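S.K.: quick one, structure for this:
(one chain, ligands or ions: 1)
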Amino acid sequence: MTKSEITQVAVVGTGVIGASWTAYFLAQGLDVVATDPAQGAEDHLRADVARHWRSLEAMGLAPGASLDKLSFTSDLEAAVRNAQFIQENGPERLDIKADLFRRLDAAAPSDVVVASSSSGLLISQVQTACRHPERIVLGHPFNPPHLIPLVEVVGGVGTAPEAIATALKFYAAIGKRPIHLRKEVAGHVANRLQAALWREAFHLVDLGVATVSDIDTAIAHGPGLRWALLGPFLNLHLSGGRGGIDHVLNHLGPAIESWWRDLGDPSLTPELRHKVSDGVREMLAGRSAEGMETQRDALLRDLLRAKSGSPDLP
Ligand SMILES: NC(=O)c1ccc[n+]([C@@H]2O[C@H](COP(=O)([O-])OP(=O)(O)OC[C@H]3O[C@@H](n4cnc5c(N)ncnc54)[C@H](O)[C@@H]3O)[C@@H](O)[C@H]2O)c1
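M.R.: The predicted structure is shown next:
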């Protein structure tokens, strides 16, 4: 099903991620039926969507986009009965997810793709109780999904290639940058890459090599600037001058391998936790996390707009 064929999406679970997806789907001109069993969920959702809407308006809404296209029901089965694509965002617990997928699978039309936002669970385990596991995929967004384009798509053992193709096509058609992971792996790709960086960052704080603030400076005012534009491999290629990636691998490869062997493997001891949380509070210097989030998201919108002017960048 292409974007033009998919006009109605069900959003299941409307916490942090579900509310952000809801706002994004609406901004793309889609009809959204949202569901969540929590008390007050509809009020929270509408407030969160209204907050995200300001960002999305600033980025540009698709024709037909309207907050009036959002409806809410606490009845899960009713929410998905007429859906053409389902985005699941329930709690990150295998027992809850597996049961939720069993119910979604029983209630939704059998040819509709059901995508889970799960950050770390394997879709093969989530789809075990489904009668139609072939249409169950992972569609993992990056927080906040209404701004960050990446969506990681992967199937489980029971997923059909057609469902993966449909999900990739749908996300691309609504302006996302989906990638297809060829194998399931805990934490998928982007979170594993972040975890690798956090491991060394915590290790360096533990060793006393640099302060928490200096490590954040090293990334936010150093390689992080390039990483927002090109990934680690193309940046490495550009480090090789005329010889590109082949030169840099010959030239710096042995040094990089020696750093790999020296990288840390820290544990989150109480002392290390304190060091890091004290360091973060020092950096905040009394500023609120909310204020910083608003400032970050405004810059993120500027960056996304600037990047959209260079569509030939990979
Ligand atoms: N927070 C992140 O940064 C992030 C990023 C990407 C993906 N994810 C994934 O998204 C999913 C949701 O995470 P979150 O951070 O939004 O959590 P959250 O706790 O904010 O939201 C979970 C929501 O699920 C609802 N819920 C509980 N039982 C339900 C049921 N049976 N049916 C429908 N809804 C139900 C809860 O009421 C709650 O509103 C998780 O799988 C998580 O791994 C989170």
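S.K.: roughly how far does the residue nearest to G120 when sequence neighbours are not counted sit from L181?
M.R.: The shortest distance from G120 to any non-neighbouring residue, by CB to CB, 6 or more residues apart in numbering, is to G187 (5.1 Å). For every residue, glycine as well, the C-beta is placed using N, CA and C. To L181, G187 is 11 Å away according to CB to CB, to the nearest Å.
S.K.: what does S55 give?
M.R.: 28 Å.
S.K.: what does D302 give?
M.R.: Distance from D302 to L181, by CB to CB: 30 Å.
S.K.: what about these two, which has more around it?
M.R.: L181 (16 against 11; other CB atoms under 10 Å).
S.K.: so V137 makes contact with S116?
M.R.: Yes - using CB atoms under 8 Å, V137 is in contact with S116, at 7.5 Å.
S.K.: and the residue of the chain found nearest the ligand, what does it touch?
M.R.: Nearest residue of the chain to the ligand: G15, at 1.9 Å (CB to the nearest ligand atom). The contact partners of G15, taken as CB atoms under 8 Å, 6 or more residues apart in numbering, are D36, N89.
S.K.: go on, L268?
M.R.: F202 are the contacts of L268 under CB under 8 Å, 6+ apart.
S.K.: next one: phi and psi at T35?
M.R.: phi -140, psi 150 (degrees, to the nearest 10).
S.K.: ok, now the one 4 residues further on?
M.R.: With angles defined as degrees, to the nearest 10, Q39 sits at phi -60, psi 130.
S.K.: pretty sure T166 contacts V114?
M.R.: No - look at T166 against V114 with CB under 8 Å: they stay out of range, at 10.9 Å.
S.K.: between those two, which is the more surrounded one?
M.R.: Per other CB under 10 Å, whichever of T166 and V114 has more neighbours is V114, with 28 against 23.
S.K.: which SS state does that one fall under?
M.R.: Look at V114: counting by DSSP: H, G, I helix; E, B strand; the rest coil, its state is strand.
S.K.: now swap in V11 and tell me
M.R.: Per three-state DSSP, V11 ends up strand.
S.K.: what of P178?
M.R.: Assignment for P178 (three-state DSSP): strand.
S.K.: ok, what's across the strand from it?
M.R.: Beta-bridge pairing for P178 (DSSP bridges): V151.
S.K.: neighbours of it, how many?
M.R.: 20.
S.K.: that one reaches F142, doesn't it?
M.R.: No - assessed by CB under 8 Å, P178 is found out of contact with F142, at 11.4 Å.
S.K.: joint contacts of these two?
M.R.: L150, V151.
S.K.: got a list of what the closest residue to S71 other than its chain neighbours touches?
M.R.: Excluding the flanking residues, the one nearest S71 by CB to CB, 6+ apart is V33, at 5.2 Å. Counting by CB under 8 Å, 6+ apart, V33 touches Q8, V9, A10, V11, S71, F72, T73, A79, V80, N82, A83.
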